[in-house]
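A.B. asks: give me a model of this one.
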Amino acid sequence: MRARITGVATYLPEQTLTSAEVEQRIEGYVPYRGVVERLTGIRSRHVARDDQQASDLAAEAARKLDHADADLLIFASASQDMVEPATAHITAAKLGLSCPVFDVKNACNSMLNGIQVAEALILSGAHRKVLVCSGEVPSRAIRWRVRDRAQFVDSFAGYTLSDTGAAVLVTSDLERGIFYRDFSADSTAWAIGTLPGGGSAHPRDPEYSYFRGDGRRLKEAFELTGPDIFHNALKRTGLSWDDFAVVAVHQVALPYLRFLARVLDIPEEKLVISLPEHGNCASTTLPLQLALGGWEPGDRVALLGLGGGISTGVMLAEM
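C.D. replies: Residues are numbered from 1 along each chain as shown. Predicted coordinates for the structure are as follows:
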């Protein structure tokens, strides 16, 4: 018995914002024109309507899949509608589902971990068809009134983020499916990228309602963690990247994607570069690349995750 990804869908809000428009919208400090696109390669990102919540984006993506008989819904996202209850309940209500539900949250690796949990529960026999979905609305946590250059740098990661929804169906299968997965974390680096408000540390202060991050320290933290988890996936399965139709990689900036692809020796033609037109889509990045990528049923795909906290993950699957 295996757990197979039998459906992938995304929802991309129609409204978009170019990097030039992002820079023009910032009040107070005036950044160098073109700095966002020059440092990240991002030309455009999606923006949800004011009346759309994270659950709406997840539900829009899920409606494109045959989810009616799902026996478990996992909402796996960095974003959420509210602290309580789990956004999975709100998403299930919007989809008309009455199955068990719960949330999985691990920054940009949320969807990958959600699929990991779905696989484990299918292999255990507890469930047969799991809907894993995500709605990312980071635009609500972007700082637009900026005091000075230091605050602009601290807020910079927010200017790369995109609002998106994604859904993946994971179903029991006798022949093919997920055949390798591995995860790691260096939790001493949790403070490098944060959205501090809403929890017990900062329950009410609006100043903590903005995403904060240090891109340079985050890159250094991932470099210290090293690429072994990804190299080991190939060594332990006896495969090379050429054996995969798509190698989906979490993308935050084109220079770092190029660096990682070079370190891991991933052929350019295996990558699906979603960043320029869609921005950093947080946890929906990997399903978005699967939706955009050119794979056929039976092909192998690789999912390489990087998340704040920090954590890394790799999953290999036959589709």
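A.B. asks: ok, now which ones touch the most centrally placed residue in the chain?
C.D. replies: Most central in the chain under CA atoms, centre = their mean is Ser283, positioned 1.4 Å from the mean C-alpha point. By CB atoms under 8 Å, 6 or more residues apart in numbering, the contact set of Ser283 is 76-78, 107-112, 134, 136, 166, 307. Where C-beta positions appear, they are placed from N, C-alpha and C, glycine not excepted.
A.B. asks: swap in Ser110?
C.D. replies: Contact analysis of Ser110 by CB under 8 Å, 6+ apart lists Ala76, Ser77, Ala78, Val104, Ser134, Ala282, Ser283, Gly307.
A.B. asks: and what of Leu112?
C.D. replies: Listed by CB under 8 Å, 6+ apart, the contact partners of Leu112 are Ser283, Leu286, Leu303, Gly305, Gly307, Gly313, Met315.
A.B. asks: just those now: which is nearest Val263?
C.D. replies: Set against Val263, the nearest of the contacts of Leu112 by CB to CB is Gly305 (15.8 Å).
A.B. asks: tell me which element Met111 falls in.
C.D. replies: In the assignment (DSSP states H and E), Met111 maps to helix 110-123.
A.B. asks: same check, this time on Met315
C.D. replies: strand 311-318.
A.B. asks: hmm, who's touching stretch 254-274?
C.D. replies: Stretch 254-274 is contacted from outside by 39-42, 219, 227, 230-231, 241-242, 244-249, 251, 275-276, 281, 285, 288-290, 292-293, 304, using CB under 8 Å, 6+ apart.
A.B. asks: filter these down to the ones in helices?
C.D. replies: Of the positions in these, Leu39, Thr40, Lys219, Phe230, His231, Leu275, Pro276, Thr285, Leu288, Gln289, Leu290, Leu292 sit in helices, assigned by DSSP state H.
A.B. asks: nearest spatial neighbour of Asp148, chain-adjacent residues omitted?
C.D. replies: Tyr29 (5.5 Å; CB to CB, 6 or more residues apart in numbering).
A.B. asks: who touches that neighbour in this structure?
C.D. replies: Val146, Arg147, Asp148, Arg149, Gln151, Phe152.
A.B. asks: weed out the non-buried ones from those.
C.D. replies: Neighbour-count burial within these applies to Val146, Gln151, Phe152; the criterion is 16 or more other CB atoms under 10 Å.
A.B. asks: return the set of buried residues in the one helix or strand in the chain whose mean pLDDT sits lowest.
C.D. replies: Lowest mean confidence among the helices and strands of the chain (mean pLDDT, DSSP states H and E): helix 215-225, at a mean of 87. Neighbour-count burial for helix 215-225, counted by 16+ other CB under 10 Å, picks out Gly215, Leu218, Lys219, Ala221, Phe222, Thr225.
A.B. asks: format these as CSV; extra columns: distance to Ala191.
C.D. replies: Below are the buried residues of helix 215-225 laid out as CSV (distance: CB to CB, whole Å):
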residue, distance to Ala191
Gly215, 14
Leu218, 11
Lys219, 15
Ala221, 10
Phe222, 15
Thr225, 16
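A.B. asks: follow-up on the earlier one: just the buried residues from the ones in helices among the contacts of stretch 254-274, in ChimeraX please.
C.D. replies: A single ChimeraX command is used to select the members of these judged buried by 16+ other CB under 10 Å:
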select :39,40,219,230,275,285,288,289,290,292
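A.B. asks: from the ones in helices among the contacts of stretch 254-274, which has minimum pLDDT?
C.D. replies: The weakest per-residue confidence within these falls on Lys219 (86).
A.B. asks: still on that earlier bit, restricted to strands, list the contacts of Tyr29.
C.D. replies: Val146 (DSSP state E).
A.B. asks: tabulate the contacts of Tyr29 in a markdown table, adding columns for pLDDT.
C.D. replies: As requested, the contacts of Tyr29 are exported to a markdown table (pLDDT from 0 to 100):
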| residue | pLDDT |
| --- | --- |
| Val146 | 95 |
| Arg147 | 95 |
| Asp148 | 95 |
| Arg149 | 94 |
| Gln151 | 95 |
| Phe152 | 95 |
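A.B. asks: how about the secondary structure of Arg4?
C.D. replies: strand (DSSP: H, G, I helix; E, B strand; the rest coil).
A.B. asks: how close does Thr237 get to Pro196?
C.D. replies: Distance, Thr237 to Pro196, using CB to CB, to the nearest Å: 39 Å.
A.B. asks: now do Glu277
C.D. replies: From Glu277 to Pro196 the distance is 30 Å (CB to CB).
A.B. asks: list the strands paired with whichever strand or helix holds Gly165, with their directions.
C.D. replies: Using DSSP H and E, Gly165 maps to strand 164-173. Here strand 164-173 has these sheet partners by DSSP bridges: strand 2-11 (antiparallel), strand 129-136 (antiparallel).
A.B. asks: tilt between that strand and helix 110-123?
C.D. replies: Computed by axes from the mean of the first three to the mean of the last three CA atoms, to 10 degrees, the angle separating strand 164-173 from helix 110-123 equals 20 degrees.
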